[in-house]
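In: Generate coordinates for the sequence data below:
(chains A and B)
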2 protein chains.
Amino acid sequence: MAKTRRGIIGVDIGGTNIKTALVTGQKIIRRARTSTRAERGLKDSLSQIIKVVEPLCKDAKAIGIGIAGIIDSEKGTVKYSPNLKGWKNVPLGRILRAEFNLPVYVLNDVNAICLGEWKYGAGRRKKNVFLFTMGTGVGGGAICEGKLLFGAHGFAGEFGHTTIKLDGPKCTCGHSGHVERYAGAKYIVARARRKMAKRKSSLAKYDVLTPEKIACAAKSGDTVAREVFAEVGFYIGVGVANVIALFDPDIIIIAGGIAQAGRILFEPVRRTVSSMALGAEHRRHKIAPAQLGDDAGILGAALYAKLTIKGLTV
Amino acid sequence: MAKTRRGIIGVDIGGTNIKTALVTGQKIIRRARTSTRAERGLKDSLSQIIKVVEPLCKDAKAIGIGIAGIIDSEKGTVKYSPNLKGWKNVPLGRILRAEFNLPVYVLNDVNAICLGEWKYGAGRRKKNVFLFTMGTGVGGGAICEGKLLFGAHGFAGEFGHTTIKLDGPKCTCGHSGHVERYAGAKYIVARARRKMAKRKSSLAKYDVLTPEKIACAAKSGDTVAREVFAEVGFYIGVGVANVIALFDPDIIIIAGGIAQAGRILFEPVRRTVSSMALGAEHRRHKIAPAQLGDDAGILGAALYAKLTIKGLTV
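Out: This next block holds a predicted model:
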């Protein structure tokens, strides 16, 4: 007789790694990970997914997958994924359903993180949550009145590509003055480099600079690094004030490694928001770091599968 | 025996007029209106509301009220209303319930318009709608995944006070480069005046200028007026591209008298959005004028009461 299948598989497909785990609720039962082999194209990364998920399947009743890009969650199709070569209109849900004979649900990776943090992390018991991730890019997701906002094309929450300074510098996407142009990792580093060219800084000892290293230096009192975060935090704050004007969330959650930098990042963001958000005196919004780290995407993807299989909307 | 009370009263409280009607669904059975007497303070405007609503009550089973400002819809309290003198923390729901012995539901006026247009107007059968009104101010509201977005403090959808040009000119609220600073009525007029000071225009014949008159002149080929709308439409388009990035709505609805200006307004908005919205090639968003005119607020407020009394969320 078959054992009761009690877990759900959460999968987080990134440009570099595929992370997966068998979970029940917030509890992780068994983990697995492998490289995505994104540069080798669709067929290779598909077989990587199958290889890493397969061993978990016998104890699972469903699979939830978070993946970067434009996702049609109703069909389980990846319309387009910027970090995965050759992924265009891939019926990922159908392919894995055929492979594993399990129900498969697919959503955008940042939406998965947003679901995870909402249910188990910094957004617990809140009705309105906006989350954004700081990394190479700046993505986002929203819980509106207790429901995940997919939007008309599975493309809501693109915080990084909102314009805050029309005549500002050009973003990777070609447009000017986007939040990502100030808060994306390479732009944070470039800001530090510009200042380092003119002034002494403890950052000079690094060949490769990252926002995390700059945050460390800032905490140790390096004035160049401090200035970088004061400025980056200001621009993020302007973007967050827009999000508050439009969504009026209970909490704004910042995810990604750099969100753990603490006051160095949050202090200028909060100060800017307090001075810029419309009707700030009538609101009690919280701006806080994510709590689940790398697990948010896996837990959120599994939660999405769990709720959808029950016929609940998320 | 009492007659069956079959209608719901919708009320739209503005800074100048109170408009109300007994409605069933989209059908208006009987209308009434009076002046708000906002300048005389809370007591006077309250008795105006009671006076105009009272005659409709005997056929009504509930009252829904849309009113400008920050509204706590759960409590039925008007926390603050910018256009009504002395309205601060007014328990409007409780006051009218005591007066009429009917259930009373209160929401922000633009949220009421948004509900009305979603159910009966330009947003019919859409799951994700963003609506904004162009008038003295620029307000907004959102339907997310089929639910009205109230937000944490009843303050979502404030499109007019989103920043698109950090170093832009100062808005009434004190901050710079807000959408309202470009699209609010007085700023549209001021833009025309600046151009008229340098060049000939058919607008010179008016003592009092309004966006509607400028739109008429633009349609008749006046180049100053055309330029005004090209520029205003561009800035609105930048703001709308931000809304699309964040909400990914099926449709963006523009309400308010000037939204009836047609191509003169919509063409530059659409052109800007097509060039600026992230992943525009993957989206089919519609940008369209509101359809219900002045009735949207009344119908939406009544709908809010109807759904809430049934225990349905909106």
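In: hmm, who's touching the one helix or strand A:Ala98 maps to?
Out: In this assignment (DSSP states H and E), A:Ala98 forms part of helix A:92-100. For helix A:92-100, the surrounding residues in contact (CB atoms under 8 Å, 6 or more residues apart in numbering or on different chains) are A:46, A:49-50, A:53-54, A:57, A:63, A:65, A:67, A:75-78, A:102-106. (Glycine included, C-beta is placed from N, CA and C.)
In: how close does A:Lys195 sit to A:Leu292?
Out: Distance of A:Lys195 to A:Leu292, given as CB to CB, to the nearest Å: 33 Å.
In: give me phi/psi at A:Lys119?
Out: phi -80, psi -40 (degrees, to the nearest 10).
In: what do you get for the one 5 residues further on?
Out: The phi/psi pair for A:Arg124 (degrees, to the nearest 10) reads phi -50, psi 140.
In: any idea how far A:Ala245 is from chain B?
Out: Going from A:Ala245 to chain B by CB to the nearest CB, to the nearest Å gives 4 Å.
In: Surely that residue touches A:Ala277?
Out: Yes. Between A:Ala245 and A:Ala277 a contact is recorded at 6.8 Å, counting by CB atoms under 8 Å.
In: all helices for the stretch 151-300 of chain A, in order.
Out: Applying DSSP state H, counting those that start in this stretch to the stretch 151-300 of chain A gives helices spanning A:180-183, A:185-196, A:211-219, A:223-247, A:263-276, A:295-309.
In: My error: substitute the stretch 1-150 of chain A in the last question.
Out: A:42-53, A:92-100, A:109-120.
In: Pipe those into JSON lines and attach distance to A:Lys165, mean pLDDT and mean neighbour count per row.
Out: JSON lines is the format used below for the helices of the stretch 1-150 of chain A (distance: least, CB to CB, whole Å; pLDDT from 0 to 100; neighbours: other CB atoms under 10 Å in any protein chain shown):
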{"stretch": "helix A:42-53", "distance to A:Lys165": "37", "mean pLDDT": "97", "mean neighbour count": "18"}
{"stretch": "helix A:92-100", "distance to A:Lys165": "37", "mean pLDDT": "97", "mean neighbour count": "18"}
{"stretch": "helix A:109-120", "distance to A:Lys165": "23", "mean pLDDT": "98", "mean neighbour count": "28"}
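In: With respect to B:Gly25, which of the ones you listed lies nearest?
Out: For the helices of the stretch 1-150 of chain A, proximity to B:Gly25 was assessed by CB to CB; helix A:109-120 is nearest, at 35.0 Å.
In: Contact partners for A:Lys165?
Out: Counted by CB under 8 Å, 6+ apart, A:Lys165 has contacts A:Ser176, A:Gly177, A:Tyr235, A:Val238, B:Lys165, B:Leu166, B:Asp167, B:Gly177.
In: just those now: which is nearest A:Asp222?
Out: For the contacts of A:Lys165, the nearest to A:Asp222 is A:Tyr235 (20.0 Å; CB to CB).
In: Provide a list of residues in contact with the closest residue to that closest one other than its chain neighbours.
Out: Sequence neighbours aside, A:Tyr182 is the residue nearest to A:Tyr235 in space, at 3.6 Å (criterion: CB to CB, 6 or more residues apart in numbering or on different chains). A:Tyr182 sits next to A:Ile164, A:Gly168, A:Glu231, A:Val232, A:Tyr235, A:Ile236 when contact means CB under 8 Å, 6+ apart.
In: ditto for A:Cys216
Out: A:Cys216 touches A:Ala225, counting by CB under 8 Å, 6+ apart.
In: Next one, pLDDT for it please.
Out: At A:Cys216, the pLDDT value in this model is 96.
In: So what's the residue count around A:Lys61?
Out: By other CB atoms under 10 Å in any protein chain shown, the residues close to A:Lys61 number 16.
In: Could I get the contacting residues of it?
Out: Applying CB under 8 Å, 6+ apart, the residues contacting A:Lys61 are A:Arg5, A:Arg6, A:Gly7, A:Ile8, A:Leu102, A:Pro103, A:Ile309.
In: Hmm, B:Ala245 and A:Gly151 touching each other?
Out: No. Using CB under 8 Å, A:Gly151 is not in contact with B:Ala245, being 9.8 Å away.
In: Show me the domain layout of chain A.
Out: Using automatic domain parsing, the domain ranges for chain A come out as A:7-113+A:294-309, A:125-289.
In: what sits against the residue in the stretch 51-200 of chain A that chain B sits nearest to?
Out: In the stretch 51-200 of chain A, the residue that lies nearest chain B is A:Gly151 (2.6 Å; CB to the nearest CB). By CB under 8 Å, 6+ apart, the contact list for A:Gly151 reads A:Gly157, B:Asn128, B:Phe247, B:Asp248, B:Pro249.
In: sorry, back to before: now do the helix holding A:Ala98 against helix A:42-53, angle only.
Out: 50 degrees (axes from the mean of the first three to the mean of the last three CA atoms, to 10 degrees).
In: hmm, back to that, pull out the buried residues from the contacts of A:Tyr182.
Out: A:Ile164, A:Gly168, A:Val232, A:Tyr235, A:Ile236 (16 or more other CB atoms under 10 Å in any protein chain shown).
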